[in-house]
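S.K.: Task: produce atomic coordinates for the following.
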Amino acid sequence: MDEDRKGGFEKGISMMSNVLMYVCAVLLLVMLFLGIADVAGRYLFNKPIIGTVEVFEVLLPAMVLLSLAYTQQLKAHVTVDLFCSKLPPRPRAIVGMMTTVWAIVLFALIAWQGVLSAISYRQMHSIITNIGLPMFIPRILVPVGALAMCLVLIVDLLHIIDEMRTHD
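M.R.: Numbers count the residues shown, from 1 in each chain. This next block holds a predicted model:
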């Protein structure tokens, strides 16, 4: 892949993960305001908002899944590099490449199974009680988050390959 196309691919993936991060921020604000309104309604007017728990059950996993790619882009996931930090650059890059490939495979499998799960829930016409939301909508967030993570990991893999070429 030439440098212009690679740079464009990387910028596109970065933009996608940034957009997903902003979506997560909006979801967090929705949860904040809904939680405040529910507590105020419950204790001030004795009228809680029906379905608040169900909405939280949908939004919280959505925030986690959709933020994975952005967190990976920032390299903010917890890592233990006690062993790898002692290795020379080339073996360290090989270990990084192997773990990144395994992560891509894992998240590709999660995306694939997430799509199958969402299709299954769509075919069953399953809905979330109290809010009437079709169950496949939150289920589709699993493959979206996993696919975004795969794309960020592919960018990471390209960087590792470049790093290995420079250490030859």
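
S.K.: so what's F9 scoring on pLDDT?
M.R.: Looking at F9, its pLDDT stands at 89.

S.K.: With V23 instead?
M.R.: At V23, the model reports a pLDDT of 94.

S.K.: now for whichever strand or helix holds it, which elements pack on it?
M.R.: Counting by DSSP states H and E, the element that carries V23 is helix 3-44. Where contact means 3 or more Cβ pairs under 8 Å, 6 or more residues apart in numbering; DSSP states H and E, helix 3-44 is packed against helix 52-73, helix 136-166. For the C-beta atoms, the positions are set from N, CA and C on the backbone; glycine is no exception.

S.K.: Under the pLDDT cut-off, which ranges of this protein? List them.
M.R.: 1-6, 167-168 (pLDDT under 70).

S.K.: Next up, phi/psi of I127, please.
M.R.: phi -130, psi 160 (degrees, to the nearest 10).

S.K.: Spit out the contact partners of it.
M.R.: L133, P134, M135 (Cβ atoms under 8 Å, 6 or more residues apart in numbering).

S.K.: which of these tops the neighbour count?
M.R.: M135 (18 neighbours; other Cβ atoms under 10 Å).

S.K.: Identify the residue nearest I161 in space, chain neighbours excluded?
M.R.: Distances taken as Cβ to Cβ, 6 or more residues apart in numbering place M97 nearest to I161, at 7.1 Å, with adjacent residues excluded.

S.K.: Using the three-state scheme, assign that neighbour.
M.R.: Here M97 takes the helix state, with states given by DSSP: H, G, I helix; E, B strand; the rest coil.

S.K.: Can you get me a residue count around it?
M.R.: 16.

S.K.: got the phi/psi numbers for the residue of the chain most remote from its centre?
M.R.: The outermost residue of the chain relative to its centre, with distances by Cα atoms, centre = their mean, is F45 at 37.8 Å. Dihedral angles of F45 (phi, psi; degrees, to the nearest 10) stand at phi -120, psi 0.
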